[in-house]
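Novice: Below is the structure, and that's it, no one-letter string:
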């Protein structure tokens with residue numbers, strides 16, 4: 001057990017050690033400073049912009065950048081719908097997988113488009129190789145979209161007064177070529193060395209120990225999995241995701257994938273500090289996020305290592321912890337670490353079945369997604385946290401009688417209105433979706449495999465996962481129905497693009513204002529005191545919005561279990 005816990009510490013430390021220099025590199029990439037990869041990617045990017053007719057040196061306003069973001073994403077959505085609905089007759093389909101229904105294709109396309117990957121199908125049987133490759137393409141584009149969006153915020157606070165927040169396509173292309181592709185090659189190489197398949201052949205036939213012939217799905221897995229984690233996407237090539245022995249072959253690949261999915265979220269925090277030359281602020285932000293992550297992770301590791309008392313009462317040995325739904329080659333500790341890491345950020349990949357966790361562990365996963373700002377997804381994690389900074393600055397200013405300011409810009413009514421709308425949108429989408437589903441038994445309870453409080457948690461988890469752009473699920477839920485496909489698809493759309501447009505709009509509005517130099521009356525935002533204030537605002541909003549729903553689900557399930 002001590003060795004397992006040491007492995008968790010090593011995962012976090014390695015991610016941090018790699019994340020700091022990567023953050024410095026990302027800041028240079030977005031700041032158009034010289035990097036060691038320029039000789040490779042400068043010619044490629046120049047060719048792309050020459051062919052596309054886009055001048056990357058022309059800066060756009062926040063409105064122009066957001067219009068470009070939404071327009072290109074709409075094109076990718078239409079392409080995805082066509083491929084998934086017609087994959088049965090399109091090429092690269094050696095296993096003859098059928099085309100998806102319109103509602104399932106809608107959900108799958110929008111889900112991968114918005115960095116959620118809420119898979120209502122089984123990977124190896126629900127999508128052809130062509131479909132998998134297009135979904136892999138979307139995993140690059142959606143990650144780069146979030147990274148480009150946060151780059152606009154970086155620019156807004158680096159310049160004293162400006163209307164230009166850079167060029168969306170410039171930041172987008174740089175995110176793909178200089179960050180995501182090189183890192184994906186490194187991670188993919190590690191996976192290949194450890195036995196992850198990379199082929200376009202159909203299913204392999206093997207003879208098992210009983211002498212029966214079994215067909216085993218393979219495919220271009222080693223290309224798909226790296227960007228799944230580096231882009232905090234999370235969609236599994238196989239139905240069981242990271243619990244599949246060909247997608248996550250051993251502890252080395254588990255360690256690699258764990259570091260990969262947290263690496264860029266860590267790095268983006270430090271990139272912000274390097275870019276605007278306020279490293280102390282980035283460390284304050286990182287400290288607050290780490291307090292949240294480590295608290296939730298420590299609780300889940302404790303709960304899962306303790307095992308299930310109900311199983312122990314049946315005479316079973318629970319010395320390995322709660323092993324229901326977990327892989328013995330990974331163990332309860334590493335699985336519990338992954339469960340919080342994947343929900344704190346927006347990856348949503350799994351190496352164990354979240355539906356089988358202890359009630360309070362499930363609650364912590366829900367809380368991680370409900371807060372949705374401890375590290376978060378690539379780029380959008382900073383955007384979500386930025387909203388809470390605005391709220392904390394405003395509240396702090398009122399408390400001490402000072403004009404609310406952040407990095408030399410006054411926070412006024414317009415910025416506060418946008419911040420409040422974005423902060424309340426997340427609970428609205430989760431709670432309204434869950435309430436509507438619970439109100440209609442033919443859509444909700446009829447799709448549950450578990451009764452009572454845990455069944456409510458399954459519905460709550462699905463909408464929380466959709467709104468947080470996460471993608472993991474309590475898989476006792478039968479989610480491939482028109483209701484679940486369409487309702488979560490609508491939530492996915494609003495929960496992705498409004499929380500991107502809102503913070504960028506705030507940054508754009510602040511960037512246009514007159515810069516106010518720091519003085520003795522300036523509220524410092526890079527101190528532990530302000531960090532704790534921000535954490536308090538985050539927890540207060542989450543508690544007020546979600547505690548009643550959590551009481552009806554995992555808390556009630558836990559109290560019922562201990563009363564028996």
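Specialist: Yes, it's here. The shown structure was predicted, so the numbers you read here are calculated from the model rather than taken from an experiment.
Novice: From residue 357, how far out is the spatially most central residue of the chain?
Specialist: Geometric centre of the chain, nearest residue: residue 346, 1.4 Å, by CA atoms, centre = their mean. The gap separating residue 346 from residue 357 is 19 Å, by CB to CB, to the nearest Å. Heads up, the C-betas are built off the backbone N, CA and C, glycines and all.
Novice: Residue 413 now?
Specialist: In terms of CB to CB, residue 413 sits 43 Å off from residue 357.
Novice: quick one: which of the two has more around it?
Specialist: residue 357 (27 against 8; other CB atoms under 10 Å).
Novice: ok, back up a step: list the contacts for the residue nearest to the residue nearest to the centre of the chain when sequence neighbours are not counted?
Specialist: Spatial nearest neighbour of residue 346, excluding adjacent residues (CB to CB, 6 or more residues apart in numbering): residue 377 at 3.4 Å. The neighbours of residue 377, taking CB atoms under 8 Å, 6 or more residues apart in numbering as the test, are 115, 143, 146, 232, 265, 345, 346, 347, 469.
Novice: from the residues you listed, which ones fall inside helices?
Specialist: Of those, the ones assigned to helices by DSSP state H are 143, 146, 265.
Novice: most neighbours, which of those residues?
Specialist: residue 146 (30 neighbours).
Novice: Could you verify my assumption that that residue touches residue 115?
Specialist: Yes: with contact defined as CB atoms under 8 Å, residue 146 and residue 115 form a contacting pair (6.3 Å).
Novice: quick one: which of the ones in helices among the contacts of residue 377 is nearest to residue 440?
Specialist: Nearest to residue 440 among the ones in helices among the contacts of residue 377: residue 146, at 33.3 Å, using CB to CB.
Novice: On the three-state scheme, residue 48 is what?
Specialist: helix (DSSP: H, G, I helix; E, B strand; the rest coil).
Novice: host element of residue 206?
Specialist: Using DSSP states H and E, residue 206 maps to strand 204-207.
Novice: what does that strand rub up against?
Specialist: Contacts for strand 204-207 (CB under 8 Å, 6+ apart): 213, 214, 215, 216, 218.
Novice: Please apply the same query to stretch 416-425.
Specialist: So stretch 416-425 is contacted by 387-388, 390-391, 394, 494-495, 498-499, 502-503, 505-506, 541, 545 (CB under 8 Å, 6+ apart).
Novice: how about a cut-off of 10 Å?
Specialist: Stretch 416-425 is contacted from outside by 373, 383-384, 386-391, 393-394, 404, 411, 428, 467, 494-495, 498-503, 505-506, 509, 537-538, 541, 545, using CB atoms under 10 Å, 6 or more residues apart in numbering.
Novice: List buried residues within those residues.
Specialist: 373, 383-384, 386-391, 393-394, 404, 411, 467, 494-495, 498-503, 505-506, 509, 537-538, 541, 545 (16 or more other CB atoms under 10 Å).
Novice: next structured bit after the helix or strand harbouring residue 435?
Specialist: Using DSSP H and E, residue 435 sits within helix 413-439. For helix 413-439, the following helix or strand on the C-terminal side (DSSP H and E) is helix 452-467.
Novice: Which secondary structure state is assigned to the residue of the chain most remote from its centre?
Specialist: Distance to the chain centre peaks in the chain at residue 211, reaching 42.6 Å (criterion: CA atoms, centre = their mean). Classification of residue 211 by three-state DSSP places it in coil.
Novice: Quick one, grab the pLDDT at it.
Specialist: Looking at residue 211, its pLDDT is 84.
Novice: check contacts around it.
Specialist: Counted by CB under 10 Å, 6+ apart, residue 211 has zero contacts.
Novice: any idea how far it is from residue 473?
Specialist: Taken as CB to CB, the span from residue 211 to residue 473 is 36 Å.
Novice: And residue 78, by the same measure?
Specialist: On the measure of CB to CB, residue 78 and residue 473 end up 26 Å apart.
Novice: Which of these two has more residues huddled nearby?
Specialist: Between residue 78 and residue 473, residue 473 has the larger neighbour count (other CB under 10 Å), namely 23 against 10.
Novice: Please enumerate the helices of the stretch 201-350 of the chain.
Specialist: Under the criterion DSSP state H, counting those that start in this stretch, the stretch 201-350 of the chain contains helices at 221-230, 251-276, 279-306, 309-313, 331-344.
Novice: Would you single out the least confident of these?
Specialist: It's helix 309-313: among these, that one has the lowest mean pLDDT, namely a mean of 86.
Novice: Give me the helices and strands touching that one, please.
Specialist: Packing partners of helix 309-313 (3 or more CB pairs under 10 Å, 6 or more residues apart in numbering; DSSP states H and E): helix 556-563.
Novice: Could you give the average pLDDT over the helix it packs on?
Specialist: Rounded mean pLDDT across helix 556-563 is 88.
Novice: residues in contact with that helix?
Specialist: Under CB under 10 Å, 6+ apart, the answer for helix 556-563 is 303, 308-310, 358-363, 450, 452-457, 550-551.
Novice: If we use 8 Å, what do you get?
Specialist: Residues contacting helix 556-563 (CB under 8 Å, 6+ apart): 309, 310, 358, 359, 360, 363, 452, 453, 454, 457.
Novice: Make TSV from the residues you listed and add distance to residue 320 and neighbour count to it.
Specialist: Formatted as TSV, the contacts of helix 556-563 follow (distance: CB to CB, whole Å; neighbours: other CB atoms under 10 Å):
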residue	distance to residue 320	neighbour count
309	15	13
310	16	11
358	14	24
359	19	20
360	19	17
363	23	25
452	28	12
453	26	19
454	23	21
457	25	31
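Novice: With adjacent residues omitted, what lies nearest to residue 382?
Specialist: residue 150 (4.9 Å).
Novice: and the gap between that neighbour and residue 267?
Specialist: For residue 150, the distance to residue 267 - CB to CB - is 11 Å.
Novice: Cool, thanks, signing off.
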